[in-house]
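Colleague: 3D model of this:
(chains A and B)
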Amino acid sequence: MATTTAPVGRGAQHALPAVRGRAGFAGTLRSELTKIRSVRSTYWSLIAMAVVTIGLGALFCFGKAQSFSHLPPGAQAHAAANSIGQSTEMSLFGLILGQLIIAVLGALTITAEYTTGMIRTSMTVMPRRSTWLAAKAVVFGGVAMVTGMVTAFASYFIGQAILSSQHINSTIGQPGVLRAVVGGGLFLTACGLLSFGLGAMLRHSAGAIAASIGVLFVAYVLGQFLPADWADHVDKWIPFNAGAAIWENVSAPNMLRPWTGFAVLCGYAAVVLVGGLILFLRRDA
Amino acid sequence: MIEARGLTKRYGDTVAVDNLSFSVAPGKITGFLGPNGAGKTTTMRLILGLDRPSGGTVTVNGKPFAELAYPMREVGALLDAKAVHGGRSAYNHLLCLAQTNGLPPRRVAEVLALVGLSEVERKRSKGFSLGMGQRLGIAAALLGDPAILMFDEPVNGLDPEGILWIRNLMKALAAEGRTVFVSSHLMSEMENTADHLLVIGRGRLIADCTVAEFIAANSRQSVRVRTPHPEMLARVVMGAGGTVRDDGDGLMVLQGLSVSQVGDLAFDNSVRLHELAPAQASLEQAFMELTASSVQFHAGVPGGPGVPGGPGGSGGAERQPAIAGEVV
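Modeller: Residues are numbered from 1 along each chain as shown, chains lettered A, B, ... in the order given. From the prediction side, this is the model:
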């Protein structure tokens, strides 16, 4: 590399523009947007989330359509009568894996700052930590929301197109259907932010991802093994069950109401995010 | 202006920085010296608010670092060239930093040109060599055109060309009236660049003075002579109150007498001299004498710090370029 013998610190043809006030949220938001769009892992994770969620939903719908076509006519009529809620839910069922992939991205968004050492650089250009963490959460939340909505709507319409071959599809105008589909996007966003909070608390990628999978998925699986009289009281509070109430078109009897359940999931996410913020403000970077 | 008052940082039972008080004056290069593990990096992290002090305060331009309106316009820091996301291109790395402080994108292009990375600005930084990574870190520090620059061990691991580049850069930055605060464990490096020195050992400040003062105060003047009659010369020098170290082959290093005194003694006693010269004590020696007791872990380097008469008086910077570096 050529040796620059006469370096000049300014190196500027023009002076920097004058500024008033102080560096704050708006600039940090732009910075975080640049960060998230300038690494490949963002795109891989988001594409994986969409493909897995849509694909799994489509697979379920295909299976359902196949088995329906083999039912005797009397049973078909009975099944079709119950199909609106089930069809919606079925096309969105890929969310059970999609939530884990958005959780990975949520955790990495913050833990990658630590594993790469970037956090030290980030903190020396924006030392106001709550501003920084808030901007990062908003940017990630926004990205998760947009891709989550796209994924949920795509899952729904592709799933219904498959089911329509047997005329057991729902339509977006039917009661509760739009709420369920929009809810799918919101659900992904909340899961991602919960994982982001765990990332801020734990600072290690593997640990944060494992913790998210534990909270979002393992807790749900374990809930399936509880004795029935316990399950009635406990299952609805498990993060996945609470959050999934919003994208299940018909609420199961022991589960929370759609918006109540989603609010509970958001509550968990908020607790973790606040915990992450408190630790982040206290600890050395 | 950086000011520390009673700055202390403890990690459990270990005291990394112990009641440090100093100020870094504007417009010159202040070298921050100490053996590895002396607390230099921790002190810099405390200045930048990365670590919270266990006691005391440190301010930049009169405020805690986190209170600065536009931190990048006041302080540029390079603590660790590897503190980047390797998957991000050089351009995007600098852009995301610039945006936090409202700096225009054209400034990113300017600093990339300044450090000579324009051609690789779209390449991901994980493929960069050590020297290129260092340049990227310096570009980041210069983005906000700050009046204060902090570099932690900037020449570590660089090739001679890279070292020269950094040295010239620091001098140019100081010549523009900026404050440069640079840490190193290599005395020879500071001798070439610094105006002022802060020396620490085991987290404590052990010197705060100019380079010349530091050498004058901390090392004895010595005289280098070569003679075919070493025993005779040794006898007369010791008779006159000097001390002698015989390096063999007729080469001797004398202390306690001036060059002219040695020359007169030799003439008066008819001792033939083939060489007579003052041996300028180097910063390296002075540093090692001062920090010998504060090095955290002695590696037992033969003739190293703490061995009386070890480093000698023979222009140590060239002859023992990196003994301090071996004391880990």
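Colleague: is B:F22 in a bridge, and if so with what?
Modeller: B:A4 (DSSP bridges).
Colleague: For chain A, see how far away it is.
Modeller: 20 Å (CB to the nearest CB, to the nearest Å). Glycine gets a C-beta too; all of them are placed from N, C-alpha and C.
Colleague: Let me see the contact set for the closest residue to chain A within the stretch 201-328 of chain B.
Modeller: Nearest residue of the stretch 201-328 of chain B to chain A (CB to the nearest CB) works out as B:G203 at 16.1 Å. Listed by CB atoms under 8 Å, 6 or more residues apart in numbering or on different chains, the contact partners of B:G203 are B:K9, B:V15, B:A16, B:V17, B:D18, B:L20, B:A38, B:G39, B:T42.
Colleague: Pull the most distant pair out of these.
Modeller: B:K9 and B:A38 (12.5 Å; CB to CB).
Colleague: So if I had to pick from these two, which one is more boxed in?
Modeller: B:A38 (26 against 23; other CB atoms under 10 Å in any protein chain shown).
Colleague: can you give me phi and psi for the more buried one?
Modeller: Main-chain dihedrals, B:A38, degrees, to the nearest 10: phi -80, psi -10.
Colleague: do the same with the one 4 residues further on
Modeller: Recorded main-chain torsions at B:T42 are phi -60, psi -40, according to degrees, to the nearest 10.
Colleague: Find the nearest non-adjacent residue to it, please.
Modeller: B:A16 (4.4 Å; CB to CB, 6 or more residues apart in numbering or on different chains).
Colleague: for whichever strand or helix holds the one you found, what is the average pLDDT?
Modeller: Using DSSP states H and E, B:A16 sits within strand B:14-24. In this model, strand B:14-24 carries a mean pLDDT of 94.
Colleague: tell me which residues of that strand are tucked away?
Modeller: B:V15, B:A16, B:V17, B:D18, B:L20, B:F22, B:V24 (16 or more other CB atoms under 10 Å in any protein chain shown).
Colleague: now do stretch A:257-274
Modeller: Quick answer for stretch A:257-274 (16+ other CB under 10 Å): A:P258, A:G261, A:F262, A:A263, A:V264, A:L265, A:C266, A:Y268, A:A269, A:V272, A:L273.
Colleague: what's next to that stretch, contact-wise?
Modeller: By CB under 8 Å, 6+ apart, stretch A:257-274 touches A:137, A:176, A:179-180, A:183, A:186-187, A:190-191, A:193-194, A:196-198, A:200-201, A:215, A:236-237, A:239, A:241-246, A:248, A:251, A:255-256.
Colleague: Now list the buried members of the residues you listed.
Modeller: A:137, A:176, A:179-180, A:183, A:186-187, A:190-191, A:193-194, A:196-198, A:200-201, A:215, A:236, A:239, A:241-246, A:248, A:251, A:255-256.
Colleague: Helices of the stretch 151-285 of chain A, start to end?
Modeller: A:177-202, A:205-213, A:219-223, A:228-234, A:239-244, A:258-282 (DSSP state H, counting those that start in this stretch).
Colleague: does the first one come close to chain B?
Modeller: No. Shown here: helix A:177-202 not in contact with chain B (CB under 8 Å from any CB of the partner chain), separated by at least 14.8 Å.
Colleague: looking at it, B:V60 is touching B:E74, isn't it?
Modeller: Yes. With contacts counted by CB atoms under 8 Å, B:V60 reaches B:E74, the gap being 6.5 Å.
Colleague: Overlap in contacts, these two.
Modeller: With CB under 8 Å, 6+ apart, B:V60 and B:E74 have common neighbours B:L68, B:I148.
Colleague: Which one's more surrounded, those two?
Modeller: Ranked by neighbour count (other CB under 10 Å), B:V60 and B:E74 place B:V60 first, with 23 against 18.
Colleague: how near is the more buried one to chain A?
Modeller: 10 Å.
Colleague: Then B:L94?
Modeller: Distance from B:L94 to chain A, by CB to the nearest CB: 10 Å.
Colleague: Just give the number of residues close to the closest residue to that residue other than its chain neighbours.
Modeller: Closest residue to B:L94 apart from its sequence neighbours, by CB to CB, 6+ apart: B:V108 at 4.5 Å. Close neighbours of B:V108, defined as other CB under 10 Å, add up to 24.
Colleague: so what's B:V108 up against?
Modeller: For B:V108, counting by CB under 8 Å, 6+ apart, the contacting residues are B:Y91, B:L94, B:L95, B:A98, B:L143.
Colleague: On the three-state scheme, it is what?
Modeller: Following DSSP: H, G, I helix; E, B strand; the rest coil, B:V108 is assigned to helix.
Colleague: what pLDDT does it get?
Modeller: 96.
Colleague: Looking at the one helix or strand B:L97 maps to now, give me its mean pLDDT.
Modeller: Using DSSP H and E, the element containing B:L97 is helix B:90-100. Confidence for helix B:90-100, expressed as mean pLDDT, is 97.
Colleague: so where is the stretch 101-250 of chain B shaky, pLDDT-wise?
Modeller: Residue ranges of the stretch 101-250 of chain B with pLDDT under 70: B:218-220.
Colleague: What about the residue of it found nearest chain A, how many residues nearby?
Modeller: Residue nearest to chain A within the stretch 101-250 of chain B (CB to the nearest CB): B:L114, separated by 3.6 Å. Using other CB under 10 Å, B:L114 has 21 other residues around it.
Colleague: Now do residue 252: how many residues are near it, please.
Modeller: Picking chain A for this. The burial count for A:A252: 12, using other CB under 10 Å.
Colleague: wait, chain B
Modeller: Count around B:M252 with other CB under 10 Å applied: 22.
Colleague: packing partners for the helix or strand of chain A with the lowest mean pLDDT?
Modeller: Across the helices and strands of chain A, mean pLDDT, DSSP states H and E gives its lowest value to helix A:73-81, namely a mean of 76. The contact analysis (3 or more CB pairs under 8 Å, 6 or more residues apart in numbering or on different chains; DSSP states H and E) places helix A:73-81 against no helix or strand.
Colleague: got the buried residues for that helix?
Modeller: Result for helix A:73-81 [16+ other CB under 10 Å]: buried residues A:Q76, A:A79.
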